[in-house]
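K.L.:
Got a predicted model here, sequence first, then my questions.
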Amino acid sequence: MTDVSLTEQLEVLLQAEREALLAGDFEKIAELLEIKEIIAEKLGDQKISTQELAPLQDGMRRNQELFDQALAGIRNVASRLGDLQRVRRSMDTYDAYGRRMTIDAPQEKKLERRA
């Protein structure tokens, strides 16, 4: 394979990665990462001109920003789910005098069936 074909393959791969990031398809991203590593390894053995490298760097930078935003979104969701779990167990509120009060949620009683 020539330099051009490898760089073209990487460009196509970066576009597919971008589409997967925008769609939230993390399984596809994992698959593409393996292919990207193989192509990057092959590119490391060859000389690439600055003109060929610039669009690849831009694509990688753009995808990294999307990936960072996706991770931030996942962290926000995890934080929100944690908040909801805490509210389910107890809730803090304030009385008319500004004193903090904790209202504990009632314990769920479970019925166990035995055969």
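P.N.:
On my side now, so go ahead. Residues are numbered from 1 along each chain as shown.
K.L.:
tell me the SS of residue 113?
P.N.:
Three-state call for residue 113 (DSSP: H, G, I helix; E, B strand; the rest coil): coil.
K.L.:
Pull the contacting residues for it.
P.N.:
With C-beta atoms under 8 Å, 6 or more residues apart in numbering as the criterion, no residue contacts residue 113. All C-beta atoms are positioned from the backbone trio N, CA, C, and that covers glycine.
K.L.:
Quick check: it vs residue 6, distance?
P.N.:
Noted for residue 113: a distance of 62 Å to residue 6, by C-beta to C-beta, to the nearest Å.
K.L.:
Please apply the same query to residue 53.
P.N.:
Counting by C-beta to C-beta, the gap from residue 53 to residue 6 is 12 Å.
K.L.:
Show me what counts as buried in the helix or strand encompassing residue 87.
P.N.:
Following DSSP states H and E, the helix or strand that holds residue 87 is helix 50-89. Residues 52, 56, 59, 63 are the ones in helix 50-89 that count as buried (16 or more other C-beta atoms under 10 Å).
K.L.:
residues in contact with the closest residue to the third one other than its chain neighbours?
P.N.:
Spelled out, that is residue 59. Using C-beta to C-beta, 6 or more residues apart in numbering and skipping residues adjacent in sequence, the residue nearest residue 59 is residue 14, 3.9 Å away. By C-beta under 8 Å, 6+ apart, residue 14 lies in contact with 36, 56, 59, 60, 63.
K.L.:
ok so, going back, any chance of the buried residues of helix 50-89 in a markdown table, with distance to residue 87 too?
P.N.:
Putting these into a markdown table (distance: C-beta to C-beta, whole Å) gives the following:
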| residue | distance to residue 87 |
| --- | --- |
| 52 | 54 |
| 56 | 47 |
| 59 | 42 |
| 63 | 36 |
